[in-house]
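1. Fold the following for me, if possible:
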Amino acid sequence: MEKFMLIFIGGLDPSELSSPEKMQSAMQEWFDWIDKLKKEGRYESGEPLEPAGKGVSGPKKLVTDGPFAEGKELVGGYFIIKAKNLDEAVAIAKDSPDLKYNGKVEVRPVMKM
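-> Take a look at the predicted model:
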């Protein structure tokens, strides 16, 4: 099995949920998906990301404050999963709970070093 990174972009915005119950329900979808991937032996790791951070760029090592994308394009988190190939990793990504909230999932092979 190969490793792939699922990068979650946009999607669920907690401010759009009208009640704590709806937020809990949305989060439970994530917990259920993670549990499913763990039972299948596919989930390696993953974490949600805070919306703000710092960036360092160029030879002058310029530091800029984040976020580095506008609202719906913000990277919200990542998973490292195991799959036979890129097509299988994409099929796994299609089960992301964020897709129903207009999110995107970028699927990238992890390079062996």
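2. So which residue is smack in the middle of the chain?
-> Nearest residue to the geometric centre of the chain (Cα atoms, centre = their mean): Phe8, 2.8 Å.
3. OK, contacts around that residue?
-> Phe8 is in contact with Val75, Gly76, Gly77, Tyr78, Phe79, Ser96, Asp98, Gly103, Lys104, Val105, counting by Cβ atoms under 8 Å, 6 or more residues apart in numbering. In this view, the C-beta of every residue, glycine as well, is placed from N, C-alpha and C.
4. Settle this for me: the first one is touching Met5, isn't it.
-> No. Using Cβ atoms under 8 Å, Val75 makes no contact with Met5, being 11.1 Å away.
5. Give me the number of neighbouring residues for Leu28.
-> For the record, residue 28 is Gln, not Leu. By the measure other Cβ atoms under 10 Å, the count of residues near Gln28 is 11.
6. tell me the SS of Arg108?
-> Secondary structure for Arg108, judged by DSSP: H, G, I helix; E, B strand; the rest coil, is strand.
7. could you list every residue that touches it?
-> Taking Cβ under 8 Å, 6+ apart as the test, what Arg108 contacts is Phe4, Met5, Ile7.
8. and the gap between the first one and Ile81?
-> In this structure, Phe4 and Ile81 are 5 Å apart, going by Cβ to Cβ, to the nearest Å.
9. Please apply the same query to the second one.
-> When Cβ to Cβ is the yardstick, Met5 and Ile81 sit 8 Å from each other.
10. next one: Gly10
-> For Gly10, the distance to Ile81 - Cβ to Cβ - is 20 Å.
11. more neighbours, the two?
-> Set side by side, Gly10 and Ile81 show more neighbours around Ile81, with 25 against 19, by other Cβ under 10 Å.
12. Please tell me how far the biggest helix by length in the chain is from the chain's geometric centre.
-> Criterion DSSP state H: the longest helix present in the chain is helix 20-39. On the basis of Cα atoms, centre = their mean, to the nearest Å, helix 20-39 sits 13 Å off its chain's mean C-alpha point.
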